[in-house]
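Asks: Need coordinates for the below:
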Amino acid sequence: MTTTVDRIADLLERGVGVLDSLASRSMISNMQMPRLESCSCQIPPPCWMPREHGPVTTHVCVGSTSTLRLRITNCSIESSKIEIQATGAAAASVQIDPASLSLTPLERGVVGLSLKTDIAEAVGTEHEVLVWIRGCVDHVVRWTVKSSRRGSDCCHELEIDDCPDYVHHWYDHFYCPRPCRHGNRVIHGSHV
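Replies: Numbers count the residues shown, from 1 in each chain. Modelled structure (predicted):
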């Protein structure tokens, strides 16, 4: 019995080896080849954790302003209120414009965050901010602004898709809510 299993495993490994060599020659480059030596069983963070975007690092001259633009899309079929908040040691230096968005179904909005560095600070100083986007689900961006000798006003742009998660995976917990949470839904002009 074990000899038969060993032979089958050997044939599978040879078949994958042949497919890998064909794929490397671009004969079947659009197909995804299975790998026997690795398992894709990595479990993502639990459903109650925020979705992480970034990190974003900006290098600016001392005394310059760094800008982070968030292009947020409400990809649900309900209106949603999105609130933006900066936390961390440098959060007091961050300007957010606007601090909240009301987006209708499938609508997109833009939020700008800016941080001006101090002209007297040393080159190499880092300002780290956690940017929270609270909409249908929580999102977080780790934004680091570094003072340097070279650089200028700088603007990064991130796409944030604020979507409910209706897909059930084998690793999901049954007690995880799937639709948008109640605090941020807008139904017929009023918050629910």
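Asks: residue ranges for the helices of the chain, please.
Replies: 2-24 (DSSP state H).
Asks: That one: strands as residue ranges?
Replies: 51-61, 65-74, 79-87, 94-97, 100-103, 108-116, 126-134, 138-148, 154-162, 185-187, 190-191 (DSSP state E).
Asks: Output those as TSV; include the columns distance to I43, mean pLDDT and mean neighbour count.
Replies: Any C-beta I mention is one placed from the backbone N, CA and C, and that applies to glycine too. Listed next are the strands of the chain as TSV, based on distance: least, C-beta to C-beta, whole Å; pLDDT from 0 to 100; neighbours: other C-beta atoms under 10 Å:
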stretch	distance to I43	mean pLDDT	mean neighbour count
strand 51-61	15	89	16
strand 65-74	27	94	20
strand 79-87	27	95	19
strand 94-97	33	95	16
strand 100-103	31	95	18
strand 108-116	31	95	17
strand 126-134	24	95	19
strand 138-148	19	92	20
strand 154-162	22	88	16
strand 185-187	29	44	15
strand 190-191	34	44	10
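Asks: partners of the nearest residue to H53 once chain neighbours are set aside in the sheet?
Replies: Nearest non-adjacent residue to H53, counting by C-beta to C-beta, 6 or more residues apart in numbering: V141, 4.9 Å away. Here V141 sits in beta bridges with H53, V131, going by DSSP bridges.
Asks: Quick check, V141 in contact with G54.
Replies: Yes - when contacts are counted by C-beta atoms under 8 Å, V141 is listed as touching G54 (4.4 Å).
Asks: which neighbours do these two share?
Replies: L158 (C-beta atoms under 8 Å, 6 or more residues apart in numbering).
Asks: wait, which of the strands of the chain is closest to P45?
Replies: Closest approach to P45 among those (C-beta to C-beta): strand 51-61, 7.9 Å.
Asks: what angle sits between that closest one and strand 126-134?
Replies: Strand 51-61 and strand 126-134 are oriented at 150 degrees to each other (axes from the mean of the first three to the mean of the last three C-alpha atoms, to 10 degrees).
Asks: Could you export strand 51-61 as PDB, keeping only the C-alpha atoms?
Replies: Extracted as PDB, the C-alpha positions of strand 51-61 are listed here (Å, rounded to 0.1, in the frame of the first residue of the first chain):
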ATOM      1  CA  ARG A  51      -8.100  46.200   7.500                       C
ATOM      2  CA  GLU A  52      -4.500  47.400   7.200                       C
ATOM      3  CA  HIS A  53      -3.400  49.600   4.300                       C
ATOM      4  CA  GLY A  54       0.100  50.800   3.800                       C
ATOM      5  CA  PRO A  55       2.500  51.500   5.500                       C
ATOM      6  CA  VAL A  56       3.100  54.800   3.800                       C
ATOM      7  CA  THR A  57       6.500  56.600   4.400                       C
ATOM      8  CA  THR A  58       7.000  60.200   3.200                       C
ATOM      9  CA  HIS A  59      10.400  61.900   3.100                       C
ATOM     10  CA  VAL A  60      10.200  65.700   3.200                       C
ATOM     11  CA  CYS A  61      12.700  68.600   3.800                       C
END
